[in-house]
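Asks: My questions concern the predicted model and sequence given below.
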Amino acid sequence: MSKMRFPWTVKEATDLGSIKVVYKVFPEDIVNSFDDLKKKVENCLPESSAVEGYGEEPIAFGLKALLVQVTFPEDEAGLVDKFETDVEKIPGVSQVQTMMVRRTSR
């Protein structure tokens, strides 16, 4: 029986990827500017994460949702769920939907 050899182990792997997540944040009411909400969302971010971009999506009757793309490190567990929970607790936010989750290399 032959033995399998691995050129590196998980402990030696330093180039772990990152997780990109796009969230749709629904406000409770019609909002003219998302500037205040963007600041509150950024305050919910863990230190090792970053907002990659923002967008707006019309919903109905003047109501718009804020789209937020966030990058999380792959090697830290629980950051994605904690961030989503923290954003849902922001006053004026009715709900948060995860629109896309993708793993990328750094």
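Replies: Sure, I can see it.

Asks: ok, what's across the strand from the most centrally placed residue in the chain?
Replies: Nearest to the geometric centre of the chain sits residue 70, at 3.7 Å (C-alpha atoms, centre = their mean). Beta bridges link residue 70 to residue 21, residue 51, judged by DSSP bridges.

Asks: for it, what are its contacts?
Replies: 20, 21, 22, 23, 45, 49, 50, 51, 52, 83 (C-beta atoms under 8 Å, 6 or more residues apart in numbering). Just so you know, the C-beta spots here come from the backbone N, C-alpha and C atoms, and that holds for glycine as well.

Asks: Could you rerun that using 6 Å?
Replies: 21, 49, 51 (C-beta atoms under 6 Å, 6 or more residues apart in numbering).

Asks: Residue 78: which of the residues you listed is nearest?
Replies: Taking C-beta to C-beta as the measure, residue 78 sits nearest to residue 49 out of those, at 11.8 Å.

Asks: what's the spacing between the closest one and residue 31?
Replies: Going from residue 49 to residue 31 by C-beta to C-beta, to the nearest Å gives 24 Å.

Asks: the more surrounded of these two?
Replies: Using other C-beta atoms under 10 Å, the more surrounded residue of residue 49 and residue 31 is residue 49, with 20 against 17.
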